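Undergrad: Give me the fold of what follows.
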Amino acid sequence: MTAVEESPAASAKWVGQALKRKEDPRLIMGRARYVDDINVTGQLWAAFVRSPEAHARIVSIDTSAAKEYPGVHAVFTGKEVDLESPLPMAWVPPGVEVNNPPHWALAKDEVNHVGDPVAIVIGDDRYGVVDAAEQVVVEYEPLPAVTDMEEALKEGADLVHADLGTNKCHEWSLGGGDLEDGFAKADVIVERRVVNHRTAGAAIEPRGVLADYRAGALTLYSSTQVPHFLRLFLALQLGISEDRVRAIAPEVGGGFGSKLQIYGEEILLAWASRRLERPIKWIITRSEDMQVTHHGRDQIAYVKVGATRDGKITAFHTHIFADFGAYLMLLTPTIPSLGAFVMSGCYDIPAVQTDITGVFTNKFPTDAIRGAGRPEATQMIEVTLDQLAHELEMDPLELRRRNFIAADSFPHEVALGVVYDSGNYEGTLSKLLEHIDVEQVRREAQELRPKGIYRGIGFCTWTEICGLAPSRVTGPSGFGLQTGLWESALVRVHITGAVTVYTGTSPHGQGLETAFAQIAADRLGTDPAQVEVIHGDTGTGPQGLDTYGSRSLAVGGESIAKAAAKIADKARRIVAHQLEAAPEDIELTGGKFAVKGSPDRGMTLAEVAGAAYIPENLPEGMEPGLEELSFYDPSNFVFPFGAHACVVDVDAETGKVDVVRYVGVDDCGPAINPNLIEGQIHGGVVHGIGQALFERIHYDETGQLITGSFVDYALPSAADVPSFETDRTETPSPVNSLGVKGVGEAGTIAASATVTNAVIDALRPLGVTYLNMPLNPQRIWEAIQEAKQ
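TA: This next block holds a predicted model:
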């Protein structure tokens, strides 16, 4: 029996079908509602005065001219804002000292990055407040800017926060096995400095906020991934009870982690709305968004791997230096640690250790961007493994095969103590090689070289940790997050048989309205078209914990499945009572709850709902109604995996890279909807290719942002990528009844390492054996010239 046949989802009617997304008509026809589309009577507008200096003391702020500007209602500076506390940071790891300098919504005495806000101007007109903000005169006393994280750690370096006395944020380690013994047994040791440069989320829809405080209660619209967390922190910051705060995330327009945040603009607009007793709106510009929406990556890792001559890896160690920018935001210091939990990769390595040093610089903070620590870890593992294979004069795929965790050993505890739920790494690699002929690529490479084109092929066999998360592992006494990470769902069957699902997760483009409807429909014997999914509004449904870390399906979807199963159980008891049968003899078949063996003796969901809401004939002691609530806290993470290959052509004269083919085989368990998987893989791969070849957030040595718009920050277009070739294997997870794992970050986790290995493979005949991202034409051309010398 195959893995698919063993899955609970395999026999389902709707789960597994490639249905069109329920969300798409309103999105592609311009009928969706974003924050910028929402307006409230009496609404004012806000604009921010931001620092042009990367590091400076605030000597004085003169707001008099701005206050006199036509239509201006108020101007506030940091010292005039009486918030309860600085912006939140949610990680307090037991036994680890984390330096956390205060990060106020408006800077008070010192600015620490370009774009640090120093004042807010509020007035009648959207563009008038921008003009008025230019009337605010700020006198700065410049201070030395710290922009190089490795230099920042040296003795006598200039300090970002003088009162800390150091630029070091914290040190954190995770390891298992005897590292010293592992390296002693190695015949070959390879060491590399792996750079994972800073990137932007670059969501298609920038951030926006509308705060409306009236009659003692706050309603706040924000393009956020985390409305429930936002409600909590708004209540804490304003000193009001949580039940008087409603946070709403309408259409978000993409997030990629950049909207997994509590931003100062959200808190400040809520405060100002209460202060002025007027609704206030702010929509960020694209240049502001590049400047003050959190960035990602920005790690330098010193990687060391040891192996025997026959290719058995004996030890793996990495020391990560992470550039956190000027402040710690919600999850900033946790991001490199997320990669540490899967630093074994797909491999059975007896000794693994990750050491992390967090560093402050005068840049905007980093935090979660698609993959959040796992793309960085995969880059360290997979690129270094290719380097090891070259040193051993071994085929890179053979090296991987010799170290794969065996498929029959799952659940498998790696040296770190982390238990992988399920996997078949040889299976995904074998299926990948059904799609791509390595020897054919090599022959093509030989034919192209006389034309100055160097073709290369690169691979990546990856796994990740997601489905965040079991609270006992990640909570205050475990990893140190100051929250649980369960998820909730409320499923309501109306008297007509229509179904409403309220989910505590908050999608921002993944297609979850469709997937969740499929899950509920199968368990209730109805059509997904009859299921409406409500999300993103803390004023409806139960308490939730939102979307990030590829958790929405594995945790949020499972909570929906559990709530729907409770309804199905109640329906069986109602039907059994009505038809004078035993509840265990009632099965869901053909859209009815019917007596086994007698499909004509049954009731539709609508008929069951009618009986539940007009309770003339219910079992003794049963309550009326047909809705159920479920809170689900997983027992473990889930670990999707896959194998990717990329073929590139490098023009030796210009250094330009063309991605010729990209093939990915991924395993996220049984498919709820194959279309959604395809969409997530495609988008994720483009994200990873973008980082490898195009995208880079770059600050100069004075802390000025050089890539402050899409003129300078290169994003890949459709012309820059091929049509992707994808396939899947299905290995169910034992962690949840759906058997599912996350897929939203998979393509990004795999792609940057795959492309990097392909480019290095292409350049080897030219004498270039190692190169860090970004692999832009200038960097490649320079490497070729250096190799010639």
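Undergrad: Now name the helix or strand holding the closest residue to Gly556 other than its chain neighbours.
TA: Counting by Cβ to Cβ, 6 or more residues apart in numbering, Gly556 lies nearest to Thr505, which is 3.5 Å off, once chain neighbours are set aside. Bear in mind the C-beta positions are built from the backbone N, C-alpha and C, glycine included. Per DSSP states H and E, Thr505 falls between elements, in no helix or strand.
Undergrad: Thr505 contacts Leu545, correct?
TA: Yes. With contacts counted by Cβ atoms under 8 Å, Thr505 reaches Leu545, the gap being 7.4 Å.
Undergrad: hey, what's in contact with both of the two?
TA: Glu487 (Cβ atoms under 8 Å, 6 or more residues apart in numbering).
Undergrad: Just want to know which of the two has more residues nearby.
TA: Thr505 (27 against 23; other Cβ atoms under 10 Å).
Undergrad: that older thread, quick one: contacts for the residue nearest to Gly556?
TA: Counting by Cβ under 8 Å, 6+ apart, Thr505 touches Glu487, Leu512, His535, Gly544, Leu545, Asp546, Thr547, Arg551, Ser552, Val555, Gly556.
Undergrad: For stretch 195-210, list the C-alpha coordinates in PDB.
TA: In PDB, the C-alpha atoms belonging to stretch 195-210 read as follows (Å, rounded to 0.1, in the frame of the first residue of the first chain):
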ATOM      1  CA  VAL A 195      27.200  34.900   3.600                       C
ATOM      2  CA  ASN A 196      23.400  35.300   3.500                       C
ATOM      3  CA  HIS A 197      22.900  38.900   2.600                       C
ATOM      4  CA  ARG A 198      20.100  41.200   3.700                       C
ATOM      5  CA  THR A 199      16.800  41.200   1.800                       C
ATOM      6  CA  ALA A 200      13.400  42.800   1.800                       C
ATOM      7  CA  GLY A 201      10.000  41.200   2.000                       C
ATOM      8  CA  ALA A 202       8.800  43.500  -0.900                       C
ATOM      9  CA  ALA A 203       5.100  42.600  -0.600                       C
ATOM     10  CA  ILE A 204       3.100  43.800  -3.500                       C
ATOM     11  CA  GLU A 205       0.900  45.700  -1.100                       C
ATOM     12  CA  PRO A 206       2.800  47.900   1.300                       C
ATOM     13  CA  ARG A 207       1.700  48.400   4.900                       C
ATOM     14  CA  GLY A 208      -1.200  50.600   6.000                       C
ATOM     15  CA  VAL A 209      -3.100  51.400   9.200                       C
ATOM     16  CA  LEU A 210      -6.500  52.900  10.100                       C
END
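Undergrad: Please compute how far that stretch lies from its chain's middle.
TA: Chain-centre distance of stretch 195-210: 12 Å, with Cα atoms, centre = their mean, to the nearest Å.
Undergrad: Would you mark the buried spots in it?
TA: Buried residues in stretch 195-210, counted by 16 or more other Cβ atoms under 10 Å: 196-203, 205-210.
Undergrad: same thing with stretch 663-676?
TA: 663-673, 675-676.
Undergrad: ok, back up a step: would you convert the contacts of Thr505 into CSV that also reports pLDDT?
TA: Output for these, formatted as CSV (pLDDT from 0 to 100):
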residue, pLDDT
Glu487, 98
Leu512, 97
His535, 97
Gly544, 97
Leu545, 97
Asp546, 96
Thr547, 95
Arg551, 96
Ser552, 97
Val555, 98
Gly556, 98
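Undergrad: for the residues you listed, which one is nearest Val111?
TA: For these, the minimum distance to Val111 (Cβ to Cβ) is 30.7 Å, reached by Asp546.
Undergrad: The closest residue in space to that closest one that isn't next to it in sequence: neighbouring residues, count only.
TA: Using Cβ to Cβ, 6+ apart and skipping the chain neighbours, the partner closest in space to Asp546 is Val226 (4.2 Å). Residues lying near Val226 (other Cβ under 10 Å) number 24.
Undergrad: Surely Val226 and Arg551 touch.
TA: No. If you go by Cβ under 8 Å, Val226 and Arg551 don't touch, sitting 11.7 Å apart.
Undergrad: shared neighbours, these two?
TA: Counting by Cβ under 8 Å, 6+ apart, Val226 and Arg551 have no shared contacts at all.
Undergrad: Can you pull up the most central residue in this structure?
TA: In the chain, the centroid-proximal residue (Cα atoms, centre = their mean) is Arg370; its distance is 3.8 Å.
Undergrad: From Gly549, how far off is that residue?
TA: 10 Å (Cβ to Cβ, to the nearest Å).
Undergrad: Now do the shared contacts for these two.
TA: The contact sets of Arg370 and Gly549 overlap at Glu745 (Cβ under 8 Å, 6+ apart).
Undergrad: all strands of the stretch 201-350 of the chain, in order?
TA: In the stretch 201-350 of the chain, the strands defined using DSSP state E, counting those that start in this stretch lie at 208-214, 217-222, 245-248, 280-283, 295-307, 313-325.
Undergrad: And the pLDDT for Ser11?
TA: Here the pLDDT value assigned to Ser11 is 45.
Undergrad: cool, Pro507 as well?
TA: Reading off the model, Pro507 has pLDDT 86.
Undergrad: Among the buried residues of stretch 663-676, name the ones in helices.
TA: Among those, the residues falling in helices (DSSP state H) are Asn675, Leu676.
Undergrad: follow-up on the earlier one: I'd like the buried residues of stretch 195-210 as JSON lines, with pLDDT and distance to Gly478 appended.
TA: Output for the buried residues of stretch 195-210, formatted as JSON lines (pLDDT from 0 to 100; distance: Cβ to Cβ, whole Å):
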{"residue": "Asn196", "pLDDT": "98", "distance to Gly478": "26"}
{"residue": "His197", "pLDDT": "98", "distance to Gly478": "31"}
{"residue": "Arg198", "pLDDT": "98", "distance to Gly478": "29"}
{"residue": "Thr199", "pLDDT": "98", "distance to Gly478": "29"}
{"residue": "Ala200", "pLDDT": "98", "distance to Gly478": "31"}
{"residue": "Gly201", "pLDDT": "97", "distance to Gly478": "28"}
{"residue": "Ala202", "pLDDT": "97", "distance to Gly478": "33"}
{"residue": "Ala203", "pLDDT": "96", "distance to Gly478": "31"}
{"residue": "Glu205", "pLDDT": "95", "distance to Gly478": "35"}
{"residue": "Pro206", "pLDDT": "96", "distance to Gly478": "35"}
{"residue": "Arg207", "pLDDT": "98", "distance to Gly478": "31"}
{"residue": "Gly208", "pLDDT": "98", "distance to Gly478": "35"}
{"residue": "Val209", "pLDDT": "98", "distance to Gly478": "33"}
{"residue": "Leu210", "pLDDT": "98", "distance to Gly478": "37"}
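Undergrad: Just name the closest of those residues to Gly156, please.
TA: Set against Gly156, the nearest of those by Cβ to Cβ is Arg198 (25.3 Å).
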